[in-house]
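K.L.:
This is a predicted model, with the sequence first.
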Amino acid sequence: MIKVLKSYDNLINSNFQRILNGKHFDEKFKLYDQKFLNEMIFYYQNREEYEKCQFILNYIKNRFDHKKNYTLNERVTN
């Protein structure tokens, strides 16, 4: 049981580091979907790491914004 928890911890934390490094996909080149990102938020809420939750929430807001055409560029053309 402990090994499974450590694996889940490793999964969440390594993917968070990938997002911090500007990689918007996992090691198999699969883009992060909103469901997985929400699972990351739930994980960090349970651990009371609210700064990471806020970072992921901002990432979701920018990543899945239809007006920005689902890109993470800062510039938005009207």
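P.N.:
Thanks, I have it. Numbers count the residues shown, from 1 in each chain.

K.L.:
What residues sit buried inside the host helix or strand of Leu11?
P.N.:
Per DSSP states H and E: Leu11 is located in helix 2-20. By neighbour count on 16 or more other C-beta atoms under 10 Å, the buried set for helix 2-20 is 12, 15-16, 19. For every residue, glycine as well, the C-beta is placed using N, CA and C.

K.L.:
Please apply the same query to stretch 45-65.
P.N.:
Under the neighbour-count criterion of 16+ other C-beta under 10 Å, stretch 45-65 has 52-53, 55-56, 59-60, 63 buried.

K.L.:
Pull the CA coordinates from it and hand them back as CSV.
P.N.:
What follows is stretch 45-65, C-alpha atoms only, in CSV (Å, rounded to 0.1, in the frame of the first residue of the first chain):
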residue,chain,number,x,y,z
GLN,A,45,-5.7,20.4,-1.4
ASN,A,46,-5.6,17.3,0.8
ARG,A,47,-1.9,18.0,1.5
GLU,A,48,-2.7,21.7,2.1
GLU,A,49,-0.3,22.9,-0.6
TYR,A,50,-2.5,25.8,-1.7
GLU,A,51,0.1,27.6,-3.7
LYS,A,52,0.3,24.7,-6.0
CYS,A,53,-3.4,24.5,-6.2
GLN,A,54,-3.6,28.2,-7.2
PHE,A,55,-0.8,27.7,-9.8
ILE,A,56,-2.7,24.8,-11.4
LEU,A,57,-6.0,26.8,-11.3
ASN,A,58,-4.3,29.6,-13.2
TYR,A,59,-2.8,27.1,-15.6
ILE,A,60,-6.3,25.6,-16.3
LYS,A,61,-7.8,29.1,-16.7
ASN,A,62,-5.1,30.0,-19.3
ARG,A,63,-4.8,26.6,-21.0
PHE,A,64,-8.5,26.0,-21.6
ASP,A,65,-9.5,29.6,-22.5
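
K.L.:
Run the chain-centre distance for that stretch.
P.N.:
Remark: stretch 45-65 is offset 7 Å from the chain centroid, using C-alpha atoms, centre = their mean, to the nearest Å.
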